[in-house]
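In: Just need the structure, nothing else, for what follows:
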Amino acid sequence: QVQLVESGGGLVQPGGSLRLSCEASGFTFSNHAMKWYRQAPGKERELVASITNTGSRTEYVDSVKGRFIISRDNAKSTVYLQMSRLKPEDTALYFCNMYRWPMGDYWGQGTQVTVSS
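Out: Coordinates of the predicted model:
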C-alpha cells in the first residue's frame with residue numbers, strides 16, 4: 001500500500017535551516033506530482049509547495065517563496081523540502097502528500113518543525 005514517511009523536522013532558531021524528506025513506497029513515484037503541506041495549531045492545513053512528477057515545475061505559497069525549495073529524487077522515491085531563513089511563523093506540522101485519482105489524497109504522519117529562540 002501507499003506509504004509516505006516524513007523526516008527531518010526539529011527545533012531550529014529563527015534564521016536557521018532544515019531539510020525535510022519524504023520517502024514514498026507502494027506506488028510508481030515518478031508518475032506522480034508531490035506536495036508539502038503544513039498545519040499550525042488552530043489553523044487550517046496549508047499547501048506550501050508542489051513539484052511535478054519530473055521535477056520540471058515547482059510552485060510555492062507566497063509566504064515561503066525565496067526561502068524554501070522543493071525537489072525530488074525519483075531514483076530514491078523521495079521528495080525534499082529545503083527550508084532556509086526560517087521564521088517563527090513557519091512552526092507547524094509538515095506533511096507530505098500525493099494525490100492519485102480516483103482514490104484521492106494520501107498523507108504521511110507529519111514531521112514537526114518548531115522555529116524558536
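In: Show me the strands in this structure, by range?
Out: If DSSP state E is used as the criterion, the strands of the chain fall at 3-7, 10-12, 18-25, 34-39, 46-51, 58-60, 68-73, 78-83, 92-100, 104-107, 111-115.
In: average pLDDT for the fifth one?
Out: By that I understand strand 46-51. Per-residue pLDDT values over strand 46-51 give a mean of 98.
In: quick check: angle from it to strand 34-39?
Out: Angle of strand 46-51 versus strand 34-39, following axes from the mean of the first three to the mean of the last three CA atoms, to 10 degrees, is 160 degrees.
In: Paired strands for the worst-scoring helix or strand of the chain on mean pLDDT, with orientation please.
Out: None of the helices or strands of the chain scores lower by mean pLDDT, DSSP states H and E than strand 104-107, at a mean of 94. Using DSSP bridges, strand 104-107 pairs in its sheet with strand 92-100 (antiparallel).
In: related to what we said a few turns ago, mean neighbour count added to the strands of the chain, as a markdown table?
Out: Any C-beta I mention is one placed from the backbone N, CA and C, and that applies to glycine too. Output for the strands of the chain, formatted as a markdown table (neighbours: other CB atoms under 10 Å):
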| stretch | mean neighbour count |
| --- | --- |
| strand 3-7 | 17 |
| strand 10-12 | 14 |
| strand 18-25 | 19 |
| strand 34-39 | 22 |
| strand 46-51 | 19 |
| strand 58-60 | 15 |
| strand 68-73 | 18 |
| strand 78-83 | 23 |
| strand 92-100 | 20 |
| strand 104-107 | 13 |
| strand 111-115 | 18 |
